[in-house]
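Student: Kindly return the folded structure for what I paste below:
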Amino acid sequence: MLSKGYGAAVYGVDARVITIEVNIVQGIKFWLSGLPDSAVKESEHRIESAFKHFDYRMPRQKVVVNMAPADIKKEGSAYDLPIALGVLNASNQINAPELEKYIIMGEMALDGNLRPIKGVLPIAIEARNNGFKGFILPTENANEAAIVNDLDVIGVGNLIEAIEFLEGKRHIEPLEYDTRDKFFTHLNDYEADFSNVQGQENIKRALEIAAAGGHNVIMIGPPGAGKTMLAKRLPSILPPLSLYEALETTKIHSVAGKLSVNGDLVTKRPFRSPHHTVSDVALVGGGGNPQPGEISLAHNGVLFLDELPEFKRTVLEVMRQPLEERKVTISRAKVSVDFPSNFMLIASMNPCPCGYYNHPEKDCVCGSGQVQRYLNKISGPLLDRIDLHVEVTPVSFDQMTENRKAEDSAAIRERVIKARAIQTARLKDHGLHSNAMMPSQMVKDICQINEAGRKLLKTAMERLGLSARAYDRILKVSRTIADLADSDEIRIEHLAEAIQYRSLDRDGWAG
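Tutor: Residues are numbered from 1 along each chain as shown. Okay, here's the model as predicted:
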């Protein structure tokens, strides 16, 4: 007898329906076709053990399982459940007339219990788009799938529960998930807040500007100055995620298997901080079956690279294209997938190997040329994509012990949201939503300055020895500062403030 069911395969951040056909004919052996990998082929042993546990039998005939489209590679253990149900249905051990109305996925243990799988959210979206009645999957993944409305999400704990549900012997109420309620309830749940930071008002101001314009930032300062602490608080002042952004971010984390046990919607902007020993594949994504890397996991959020010069140069260079295009394309011989990577880059570094160059109290012990060699580990093209260079100095004892309450993240975020709204209205015809996204030609058209501003900028370029690449960056940042001040034009004070955020472009900065 021929039985047909449906599963799904995840490619990139999207899913594709896989038809699972099971036919039992005269002969021997269990055959899997359709380019299954080793994990799929090993499902025979898990399925047979689970059958015995629930008093079913593996047919002693030729069992042919075809997974279509047959020219696409199938990977992972999540096909255990649909294959098992197909075998039982084809051998007339169960009667499941609604088998074809559901997408079914789940990895089985030897005793028939189901284990959670990855990529549930894109599969659920694909199931709804293809008109399936519902999605049968492990209980642990049910919350994640229920984010998708107009789809019956049936969570089952083991093989027998799935069988009894399909035979009509067990009623399982489809799980309901109020996506909007969950989204708005946890939208502002940030553990770190700027109210806990004493002093560093100039750095807070720079991060506010960065958040308002979507600018990348590098912080240069000695150990213990608070660079990491400040970076961790940046997501708390970024505009809240929209529901679309939350779903998009959740899809990426689902594919990577990074969601919480409950599989809830990602409602806060991601903050990713990979160690400096990270490989280029781990950072941008890849592998035989391409998986999202750290830059995609930071999509719609912040990627923090601590001690930037310690990262391998090859790792840093692979970020250049994603920073410009806001996506990364992973190409293989038979497949090419796109992962979104629209993130804010926040980097930190010591000014020299010992960490105390330009320190107000401690002496630098680095030899002549060491400081410049240390800075040269960061290439010009990468530095060209970082708009703000901020010098961080240690907080004094008086600042640390003062009782004055610092401004909290909510107050800063309000100003950031207003500035972003101005930018969105200005750039909507170009499909952009922040000043940092503007290409060079658009900068010339939008970031107009008066004669006094041109003289100031010319003087700064000459006296401070600013590089040519600093010109566009200063104009972008000054436009953001003007937006924060609710000013239609870029005034001379906006330019002056933007100029001070180009430390690493100054001639002789490193001696």
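Student: What segments of the stretch 301-450 of the chain are strands?
Tutor: Applying DSSP state E, counting those that start in this stretch to the stretch 301-450 of the chain gives strands spanning 302-305, 327-331, 336-340, 344-349, 388-391.
Student: Determine which of those strands approaches Ala482 most closely.
Tutor: Distances from Ala482 to each of these were compared using Cβ to Cβ; the minimum, 15.4 Å, belongs to strand 388-391. In this view, the C-beta of every residue, glycine as well, is placed from N, C-alpha and C.
Student: And the contacts of that closest one?
Tutor: Taking contacts as Cβ atoms under 8 Å, 6 or more residues apart in numbering, the residues outside strand 388-391 that touch it are 202-203, 206, 209-210, 215-221, 358, 477, 501-505.
Student: would you turn the strands of the stretch 301-450 of the chain into CSV with mean neighbour count and distance to Pro116?
Tutor: Compiled in CSV, the strands of the stretch 301-450 of the chain are given as follows (neighbours: other Cβ atoms under 10 Å; distance: least, Cβ to Cβ, whole Å):
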stretch, mean neighbour count, distance to Pro116
strand 302-305, 24, 27
strand 327-331, 17, 25
strand 336-340, 19, 22
strand 344-349, 24, 31
strand 388-391, 22, 41
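Student: I'd like the ones you listed as JSON lines, with distance to Ile422 and mean pLDDT appended.
Tutor: Compiled in JSON lines, the strands of the stretch 301-450 of the chain are given as follows (distance: least, Cβ to Cβ, whole Å; pLDDT from 0 to 100):
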{"stretch": "strand 302-305", "distance to Ile422": "22", "mean pLDDT": "95"}
{"stretch": "strand 327-331", "distance to Ile422": "26", "mean pLDDT": "86"}
{"stretch": "strand 336-340", "distance to Ile422": "25", "mean pLDDT": "87"}
{"stretch": "strand 344-349", "distance to Ile422": "18", "mean pLDDT": "93"}
{"stretch": "strand 388-391", "distance to Ile422": "19", "mean pLDDT": "90"}
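Student: Please name the residues that touch the residue most central in space within the chain.
Tutor: Per Cα atoms, centre = their mean, the C-alpha nearest to the average position across the chain is that of Leu297, at 2.2 Å. Contact analysis of Leu297 by Cβ under 8 Å, 6+ apart lists Ile252, His253, Ala256, Lys258, Pro270, Arg272.
Student: rewinding a little: from the contacts of strand 388-391, which land in helices?
Tutor: Of the positions in the contacts of strand 388-391, Asn202, Ile203, Ala206, Ile209, Ala210, Val477 sit in helices, assigned by DSSP state H.
Student: In terms of pLDDT, where does the second one sit?
Tutor: It stands for Ile203. In this model, Ile203 is scored at 90, pLDDT.
Student: what's the neighbour count on the nearest residue to Arg128 once chain neighbours are set aside?
Tutor: Excluding the flanking residues, the one nearest Arg128 by Cβ to Cβ, 6 or more residues apart in numbering is Leu151, at 4.6 Å. Leu151 has 21 neighbours, counted by other Cβ atoms under 10 Å.
Student: likewise Glu176?
Tutor: One way to gauge burial is a neighbour count; for Glu176, by other Cβ under 10 Å, it gives 9.
Student: try Leu504
Tutor: Around Leu504 sit 18 other residues, with neighbours defined as other Cβ under 10 Å.
Student: In this structure it contacts Gln372, no?
Tutor: No: taking contact to mean Cβ atoms under 8 Å, the distance of 11.2 Å between Leu504 and Gln372 leaves them out of contact.
Student: can you pull the contacts of Asn66?
Tutor: Taking Cβ under 8 Å, 6+ apart, we find Asn66 in contact with Ile20, Glu21, Val22, Asn23, Ser33, Gly34.
Student: So what sits opposite the fifth one in the bridge?
Tutor: With DSSP bridges applied, the residues forming beta bridges to Ser33 are Asn66.
Student: pull the helix or strand with minimum mean pLDDT from the chain.
Tutor: The element with the least model confidence among the helices and strands of the chain, by mean pLDDT, DSSP states H and E, is helix 397-401, at a mean of 63.
Student: what helix or strand does the closest residue in space to Tyr6 that isn't next to it in sequence sit in?
Tutor: Nearest in space to Tyr6, with sequence neighbours left out and distances taken as Cβ to Cβ, 6+ apart, is Ile103 at 5.2 Å. Ile103 is located in strand 102-104, with elements delineated by DSSP states H and E.
Student: Can you name the next helix or strand after that strand?
Tutor: Following the chain from strand 102-104 toward its C-terminal end, the next helix or strand by DSSP H and E is strand 107-108.
Student: Run the chain-centre distance for that next one.
Tutor: Averaging C-alpha coordinates over strand 107-108 and over its chain gives two centres that are 27 Å apart (Cα atoms, centre = their mean, to the nearest Å).
Student: same for whichever helix or strand comes after that strand, what does it pack against?
Tutor: Secondary structure here is assigned by DSSP H and E; on that basis, the next helix or strand after strand 107-108 toward the C-terminus is strand 114-115. Packing contacts for strand 114-115, counted by 3 or more Cβ pairs under 8 Å, 6 or more residues apart in numbering; DSSP states H and E, involve strand 107-108, strand 134-138.
Student: Setting aside sequence neighbours, what's the nearest residue to Gly27?
Tutor: The shortest distance from Gly27 to any non-neighbouring residue, by Cβ to Cβ, 6+ apart, is to Lys62 (3.1 Å).
Student: What of Leu207?
Tutor: Leu234 (5.6 Å).
Student: so who does the one you found touch?
Tutor: Leu207, Ala210, Ala211, Phe271, Val302, Met344, Ile346.
Student: The residues you listed: which two are farthest apart?
Tutor: Spatially, the most separated pair among the contacts of Leu234 is Ala210 and Phe271, at 14.1 Å (Cβ to Cβ).
Student: Give me the contact list for stretch 39-48.
Tutor: Counting contacts by Cβ under 8 Å, 6+ apart, the residues touching stretch 39-48 from outside are 30, 32, 58, 67, 74-77, 79-80, 83-84, 87, 107-110.
Student: To clarify, my last question referred to stretch 251-266.
Tutor: For stretch 251-266, the external contacting residues (Cβ under 8 Å, 6+ apart) are 10, 12-13, 118-122, 125, 140-145, 147, 179, 182-183, 186, 241, 246-247, 249-250, 270, 291-292, 296-297, 299, 339-340.
Student: how far away is Cys447 from Phe132?
Tutor: Distance of Cys447 to Phe132, computed by Cβ to Cβ, to the nearest Å: 50 Å.
Student: Just give the number of residues close to the residue nearest to Tyr6.
Tutor: Burial of Ile103, expressed as a neighbour count using other Cβ under 10 Å, amounts to 26.
Student: Who is it paired with across the strands?
Tutor: Applying DSSP bridges to Ile103 yields these beta-bridge partners: Tyr6, Phe135.
Student: List the residues that contact it.
Tutor: With contacts defined as Cβ under 8 Å, 6+ apart, the neighbours of Ile103 are Tyr6, Gly7, Ala8, Val17, Ile123, Ala124, Glu126, Ala127, Phe132, Gly134, Phe135, Ile136.
Student: 6 Å - rerun?
Tutor: Listed by Cβ atoms under 6 Å, 6 or more residues apart in numbering, the contact partners of Ile103 are Tyr6, Ala8, Ala127, Phe132, Phe135.
Student: Would you mind measuring from the last one to Pro82?
Tutor: According to Cβ to Cβ, Phe135 stands 11 Å off from Pro82.
Student: Can you say which of the contacts of Leu297 are buried?
Tutor: Buried residues within these, defined by neighbour count using 16 or more other Cβ atoms under 10 Å: Ile252, His253, Ala256, Pro270, Arg272.
Student: Just the residues you listed: which are in strands?
Tutor: Taking DSSP state E, the ones among the buried ones among the contacts of Leu297 that sit in strands are Arg272.
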